[in-house]
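Asker: Give me a 3D structure for the following:
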Amino acid sequence: MFIKKSFSFIYFLISILLLFSLENCNQPAQPESRLDLQHQSYNSPNSHQAVNANELNRHPHNLHYSKHARCRMNCRHINETEIKDILERGEINYHKSELTGEPCRRKFAVEGMSNEGQKLRIIFAPCGNEMTVVTCIDLGVEWACDCK
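Answerer: You can find the predicted model right below:
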């Protein structure tokens, strides 16, 4: 008699646990919104990593300029505000980008129009929370520059 009651009680507990686990498994997963992904991308411990390798962190913690980029910006009358604007709103030209290899060796070619009507291509090299402007190109005008 005691064994029958024990068996019934164990069977009851197993049924409850099974029912509980099935209820949790059958709930549809909430898809992450694009905003959640962006928030995760910028505020996670690995905030230097974009959502995937072909996405660009448009809001890096630090933006640096190579000596070559500074020279090209001077020759082509491009300022930091225009560079930041292209980074935030420009389109990635995947044919001109180098996205294979190690994360700190990738380069994104981002194109857009400046406030002065210049069609620009800016080469960005992300690494960690940092972004380096490698060079900038005016796609409409060939400027005389002596940058080495």
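Asker: Dump stretch 68-78 to CSV, restricted to CA.
Answerer: C-alpha atoms of stretch 68-78 as CSV (Å, rounded to 0.1, in the frame of the first residue of the first chain):
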residue,chain,number,x,y,z
HIS,A,68,47.8,60.0,-44.7
ALA,A,69,44.1,60.6,-44.1
ARG,A,70,44.9,64.0,-42.6
CYS,A,71,46.9,64.9,-45.6
ARG,A,72,44.2,63.8,-48.0
MET,A,73,41.5,65.7,-46.0
ASN,A,74,43.6,68.8,-46.2
CYS,A,75,44.1,68.5,-50.0
ARG,A,76,40.5,67.7,-50.7
HIS,A,77,38.9,70.2,-48.3
ILE,A,78,37.2,67.5,-46.2
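Asker: so I16 sits in a helix?
Answerer: Yes: under DSSP: H, G, I helix; E, B strand; the rest coil, I16 falls within a helix.
Asker: pLDDT at it, what is it?
Answerer: On pLDDT, I16 comes in at 71.
Asker: so how far is F9 from it?
Answerer: In this view, I16 and F9 are 11 Å apart by Cβ to Cβ, to the nearest Å. Any C-beta I mention is one placed from the backbone N, CA and C, and that applies to glycine too.
Asker: which SSE is H77 in?
Answerer: Using DSSP states H and E, H77 maps to neither a helix nor a strand.
Asker: got a list of what it touches?
Answerer: By Cβ atoms under 8 Å, 6 or more residues apart in numbering, the residues touching H77 are E116, Q118.
Asker: Can we start the residue count at 590 from this point?
Answerer: With 590 as the first residue, the last one maps to H666.
Asker: Just to check, N668 is in contact with M662?
Answerer: Yes: with contact defined as Cβ atoms under 8 Å, N668 counts as touching M662 (7.1 Å).
Asker: Need the phi and psi values for L676.
Answerer: Backbone torsions for L676, taken as degrees, to the nearest 10, come to phi -60, psi -40.
Asker: so it touches M720, yeah?
Answerer: Yes: with contact defined as Cβ under 8 Å, L676 reaches M720; the gap is 7.4 Å.
Asker: which residues do the two both contact?
Answerer: With Cβ under 8 Å, 6+ apart as the test, L676 and M720 both reach L652, F713.
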